[in-house]
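J.: Turn this into a model:
(one chain, ligands or ions: 1)
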Amino acid sequence: MNPTLDLMQQHRSSRSYLDKPVPADVLNAVLDAAWRGPTSINGQQVSLVVVQDPTRRAEIARIAGGQPWIAQAPVFVTVVVDFHKTAVGARLAGEEQVIHDSVEGFAVGAVDAGIALGNLMTAARAAGLGVVPIGGIRRDPQAMINLLALPPLTFPIAGVALGYVDQDSSVKPRLPRDSFVHAEAYQTAGLEERIQQYDQQLAAYWQDIGRAEGQPWSANVAQFYRSVYFPQVAPVAREQGFGFDR
Ligand SMILES: Cc1cc2nc3c(=O)[nH]c(=O)nc-3n(C[C@H](O)[C@H](O)[C@H](O)COP(=O)(O)O)c2cc1C
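T.: Numbering: from 1, shown residues only. Just a heads-up that it's a prediction; the model follows:
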C-alpha cells in the first residue's frame, strides 16, 4: 500500500514515551507540516505553542487532570485558535474585526486548529514519533492561557504530546465503516445494531490488550456526554473576547 495511507490506517495514540529528545530538525519538519496546512479564507487563525521544558510539561500534565504521558513525552504542542493575528491584520486594513463574536468564528478557528492537529500527528508519525492528542487542557483553559501567555482573542483548543514511543499501543477498532461513510445521504437505519456490534467488538479488544476497566463505546459516550465535562470553556472563551450569540 502507499506508505502515507498505510501510516494513517495504522494510527494509534501512544501514552508511553522514552526519555529521548526529538532532534530540532525532526521537530521543525513536523511543525512545518502543520504551518503549511490549509486555513479558511487563508486567515491562518491558528498558532502553535511548543513546550519542551520539563517543568512546564509537568504543569500541563497537571492542568489536563493528571495525564502522566504529557510530562513523559519530550514535546507538547498546544494548538491555539488565534483571532489575535487576524484582528491586528484587519486593524491595519482599517476595519474592526467582529467574526470572533460569533459561532461561525469559533467554528472556523476550531476546524483550522483540527487540520493543524491532524497534520502534526501524521507528520510526527511519518518521522517515527508517537503522538497523543490532548483535549484535557480545556479542563482549565485559563491556566493554559496564563502558562503560555496567550493574548486576548486566542484560545487553547487542544494539544498533542509527541516523542519516541516506549511501549507501543495497538490500533483501536472503530464503529462499523458504514456508520461513518454514507453514500449520497445519511443512513440512519440499523445504527443501534451497529453500535451494539461495536460495543461487543470493543469489549473483545479491551480483553485482548488486558484493559479490565475498558468500557463499551455506548457507556463511554454516555459517561462523558451526560454533562458538560469541561465547563470552563465557554466562560474563559468569553473572557478572551469570543462570543457565541450571533
Ligand atoms: C481532540 C482530541 C482530544 C483528545 N484528548 C485526549 C486526552 O486529553 N487524553 C488522552 O489520553 N487521549 C486523548 N485523546 C485520544 C483519544 O482518546 C483517542 O484518539 C481515541 O480513544 C481513539 O484511540 P486511538 O487514537 O488510539 O485510535 C484525544 C483525541 C482527540 C482527537
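J.: so the residue of the chain positioned farthest from its centre, which of the three states?
T.: Of all residues in the chain, residue 94 has its C-alpha farthest from the mean position, at 34.2 Å, by Cα atoms, centre = their mean. What DSSP: H, G, I helix; E, B strand; the rest coil gives for residue 94 is coil.
J.: Need phi/psi at it.
T.: phi 90, psi 20 (degrees, to the nearest 10).
J.: Give me the distance between residue 238 and the ligand.
T.: Distance, residue 238 to the ligand, by Cβ to the nearest ligand atom, to the nearest Å: 21 Å. To be clear about C-beta, it is placed using only N, CA and C from the backbone, and glycine gets the same treatment.
J.: Can I take it that that residue is in a helix?
T.: Yes. Counting by three-state DSSP, residue 238 is part of a helix.
J.: Would you mind naming what in this protein lies close to the ligand?
T.: Proximity of the chain to the ligand, by Cβ under 6 Å from any ligand atom, involves residues 11-13, 15, 64, 67, 132-136, 158, 172.
J.: Please list only the buried members of the residues you listed.
T.: With burial judged by 16 or more other Cβ atoms under 10 Å, the buried subset of those is 15, 64, 67, 132-134, 136, 158.
J.: what does the average pLDDT come to for the helix or strand where residue 4 lies?
T.: Assignment of secondary structure by DSSP states H and E places residue 4 within helix 3-9. Average pLDDT, helix 3-9: 96.
J.: after that helix comes which helix or strand?
T.: Using DSSP H and E, the next helix or strand after helix 3-9 towards the C-terminus is helix 24-35.
J.: Report all helices and strands that that next one contacts.
T.: strand 46-51, helix 103-126 (3 or more Cβ pairs under 8 Å, 6 or more residues apart in numbering; DSSP states H and E).
J.: Scan this protein for its longest strand.
T.: Determined from DSSP state E, the single longest strand within the chain is strand 154-163.
J.: Between helix 24-35 and that one, find me the angle.
T.: Using axes from the mean of the first three to the mean of the last three Cα atoms, to 10 degrees, the inter-axis angle of strand 154-163 relative to helix 24-35 is 140 degrees.
J.: What is strand 154-163 packed up against?
T.: Under the contact rule (3+ Cβ pairs under 8 Å, 6+ apart), strand 154-163 is packed against helix 68-72, strand 75-82, helix 103-126, strand 130-134, helix 141-148.
J.: pretty sure residue 100 is touching residue 84, no?
T.: No. Using Cβ atoms under 8 Å, residue 100 is not in contact with residue 84; the gap is 9.1 Å.
J.: joint contacts of these two?
T.: Residues touching both residue 100 and residue 84 by Cβ atoms under 8 Å, 6 or more residues apart in numbering: residue 153.
J.: These two: who's more crowded?
T.: Between residue 100 and residue 84, counted using other Cβ atoms under 10 Å, residue 100 has the larger neighbour count: 25 against 20.
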